[in-house]
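Participant: Quick one, what's the 3D model for this:
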Amino acid sequence: MIPDQVNVDLLNEHLARYMFAVRLAAGKRVLDAGCGAGYGSAALARTAQRVVGIDCAAEAVAFARDHYQAPNLEFQKGSCAALPFANASFDLVVAFEIIEHLDAWREFLLEVRRVLAPAGQLLVSTPNRLYYQESRGATGANPFHVHEFDFEEFRRELKLFFPHVAMYLENHTEGLTFQPHEPGNTVEVRVDAAEAVPAESHFFLAVCADRPMVGNPTFVYIPRAANVLREREHHIALLDAEIAQKNDWLADAQRRHEELLALFAEQKEALERSNRWAESLNRELEDRAQSIAALQAEVAAEQEAARRMADGYAAKVAELEADIEAKRQWAIDTETRLTAEVRHQTAELQKSVEALHHTEAELDERTRWALSLQEEGARLAQLLALVRSSRWVRMGRKVGLGPELPAA
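Facilitator: Sure thing, here's the model as predicted:
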């Protein structure tokens, strides 16, 4: 929430809480937990001894440092669930519209107790869950709120941490002012007595302490002396201008809507044509899918037949390889056997040749012996013939002398 960038009523809701706290901040050490843009911390610093604003959003801290500066004012980035301060560092802690944003809101209350001085006070506010949900209507729940409280739950939870809790109801009220034209130095406020109805209240604000507190005043905050009706008239005029501008936007939007409807009709027709074309494509794809399935089945059958044929060829090749191996082994064995036989026959042949040579030598010798015998026989025959023809031999045979010679 940044001043001058929100409507006046919303700004006043936030400023009123800080104006309530200013009365309790005079001369004190103050911690503004969840300080946001820093405008409230700056308001507290006008009367406080020292004010520290803390927020987990770095951009909020940077904005606060740029726009609100004072010797007794500083801003830090930090978590409300783990306050970066020593025990009993502050006399007053304000936490406006922050507790409903925290997951660890009980841890936050413990941290507040830790950093508060014994006589310190906590000012904490939150929207009434019942009224807040009703006021948002169709907008729905606030996505940034983690836990919202009704009156009894809020008071009960605070009393778990602080024994003394004073509850206040914050509401916009209708009022009239009589402001003197000449400046005066007194202010009189009359608030008619009325029953406080927590369930119908817009916000709850609690003052919590560890010790009893005195006083329970009704606090009225009038942001500035002005004619509320006049402001509302200006506001209504602005709203009327906005409505007229929005009506123009709506008329223009209606024209664009009609153009879009025409374009939509054209696109719808084109889409229907595309759908029909897509349906025909789908049918064609289905037919092709069936053809592909048939082809796949045929290919599978052919692959199976080829596999069986390949298996047959593999078996035949294995058989041939086994036969070739057997024949190769037979050839090796035959070669080995023939080599041995050739070697044996060569040895036998060598022996035969040697025997033949011996026989030829013996034959030659016998032939020479036979020739010598023949020659001796011829010589003896000649000699015998000479002996037979000898008259001396014949004469000896007649007288019975000498050897008897054969007739032939």
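
Participant: If you drop the residues flanking it in sequence, what lies closest to Ala42?
Facilitator: Tyr68 (3.9 Å; C-beta to C-beta, 6 or more residues apart in numbering). From N, CA and C alone the C-beta is placed, and that goes for glycine too.

Participant: Can you list phi and psi of that neighbour for me?
Facilitator: The phi/psi pair for Tyr68 (degrees, to the nearest 10) reads phi -130, psi 110.

Participant: now swap in Ala45 and tell me
Facilitator: Main-chain dihedrals, Ala45, degrees, to the nearest 10: phi -70, psi -20.

Participant: if I pick Trp105, what's in contact with it?
Facilitator: 99, 146-147 (C-beta atoms under 8 Å, 6 or more residues apart in numbering).

Participant: Could I get the phi/psi values of it?
Facilitator: According to degrees, to the nearest 10, Trp105 has phi -70, psi -30.

Participant: ok, it to Phe96 distance?
Facilitator: Trp105 sits 14 Å away from Phe96 when distances are taken as C-beta to C-beta, to the nearest Å.

Participant: And Arg190, by the same measure?
Facilitator: Distance of Arg190 to Phe96, given as C-beta to C-beta: 27 Å.

Participant: more neighbours, the two?
Facilitator: Taking other C-beta atoms under 10 Å, Arg190 and Phe96 do not tie; Phe96 has more neighbours (24 against 6).

Participant: so the more buried one touches Leu122, yeah?
Facilitator: No - counting by C-beta atoms under 8 Å, Phe96 does not reach Leu122; the two are 11.1 Å apart.

Participant: Show me what the lengthiest strand in the chain is packed against.
Facilitator: Longest strand in the chain by number of residues, with DSSP state E as the criterion: strand 116-127. In terms of contacts (3 or more C-beta pairs under 8 Å, 6 or more residues apart in numbering; DSSP states H and E), strand 116-127 is packed against helix 8-25, strand 90-96, strand 203-209.

Participant: Lowest mean pLDDT across the ones you listed, which one is that?
Facilitator: Ranked by mean pLDDT, the helices and strands packed on strand 116-127 bottom out at helix 8-25, which scores a mean of 90.

Participant: how many neighbours does the closest residue to Pro163 other than its chain neighbours have?
Facilitator: By the measure of C-beta to C-beta, 6+ apart, the closest residue to Pro163 outside its immediate chain neighbours is Asp210, 6.5 Å from it. Number of residues near Asp210 (other C-beta under 10 Å) recorded here: 16.

Participant: Then Val30?
Facilitator: 29.

Participant: Can you tell me how far it is from Val387?
Facilitator: For Val30, the distance to Val387 - C-beta to C-beta - is 190 Å.

Participant: now the strands for the stretch 51-200 of the chain?
Facilitator: Ranges of strands within the stretch 51-200 of the chain are 73-77, 90-96, 116-127, 164-170, based on DSSP state E, counting those that start in this stretch.

Participant: For the helices and strands packed on strand 116-127, please prepare JSON lines with the additional fields distance to Pro180.
Facilitator: Below are the helices and strands packed on strand 116-127 laid out as JSON lines (distance: least, C-beta to C-beta, whole Å):
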{"stretch": "helix 8-25", "distance to Pro180": "22"}
{"stretch": "strand 90-96", "distance to Pro180": "33"}
{"stretch": "strand 203-209", "distance to Pro180": "31"}
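
Participant: Any stretches of the stretch 301-408 of the chain with poor pLDDT?
Facilitator: The stretch 301-408 of the chain contains residues with pLDDT under 70 at 388, 392-394, 396-397, 400-408.

Participant: Neighbours of the closest residue to Ala117 other than its chain neighbours, how many?
Facilitator: Distances taken as C-beta to C-beta, 6+ apart put Ala88 closest to Ala117, at 4.6 Å, once the chain neighbours are dropped. When neighbours are counted by other C-beta under 10 Å, Ala88 registers 14.

Participant: Leu320 versus Ala88, what's the distance?
Facilitator: 104 Å.

Participant: likewise Ser125?
Facilitator: In this view, Ser125 and Leu320 are 102 Å apart by C-beta to C-beta.

Participant: Show me which of these two is the more surrounded one.
Facilitator: Neighbours per residue (other C-beta under 10 Å) separate Ser125 from Leu320, with Ser125 holding more: 24 against 10.

Participant: so that one bridges to which residues?
Facilitator: Phe96, Leu205 (DSSP bridges).

Participant: for it, what are its contacts?
Facilitator: 17, 95-97, 170, 203-206.

Participant: how many neighbours does Gly137 have?
Facilitator: Gly137 is flanked by 7 other residues according to other C-beta under 10 Å.

Participant: what do you get for the one 3 residues further on?
Facilitator: Each residue near Gly140 was counted by other C-beta under 10 Å, and the total is 8.

Participant: Could you do Phe154 as well?
Facilitator: Phe154 has 24 neighbours, counted by other C-beta under 10 Å.

Participant: what residues are up against it?
Facilitator: Phe154 makes contacts with 126, 167, 204, 206, as judged by C-beta under 8 Å, 6+ apart.

Participant: Let me have the contacts of Ser125 in JSON lines, extended by distance to Cys56.
Facilitator: Output for those, formatted as JSON lines (distance: C-beta to C-beta, whole Å):
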{"residue": "Arg17", "distance to Cys56": "20"}
{"residue": "Ala95", "distance to Cys56": "13"}
{"residue": "Phe96", "distance to Cys56": "15"}
{"residue": "Glu97", "distance to Cys56": "14"}
{"residue": "Glu170", "distance to Cys56": "25"}
{"residue": "Phe203", "distance to Cys56": "22"}
{"residue": "Phe204", "distance to Cys56": "23"}
{"residue": "Leu205", "distance to Cys56": "22"}
{"residue": "Ala206", "distance to Cys56": "22"}
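
Participant: Among those residues, which one sits closest to Asp311?
Facilitator: Nearest to Asp311 among the contacts of Ser125 is Glu97, at 84.9 Å by C-beta to C-beta.

Participant: For the host helix or strand of Glu341, name the packing helices and strands.
Facilitator: Assigned by DSSP states H and E, Glu341 falls within helix 228-389. For helix 228-389, there is no helix or strand it packs on, judged by 3+ C-beta pairs under 8 Å, 6+ apart.

Participant: That one vs helix 8-25, what angle?
Facilitator: 100 degrees (axes from the mean of the first three to the mean of the last three C-alpha atoms, to 10 degrees).
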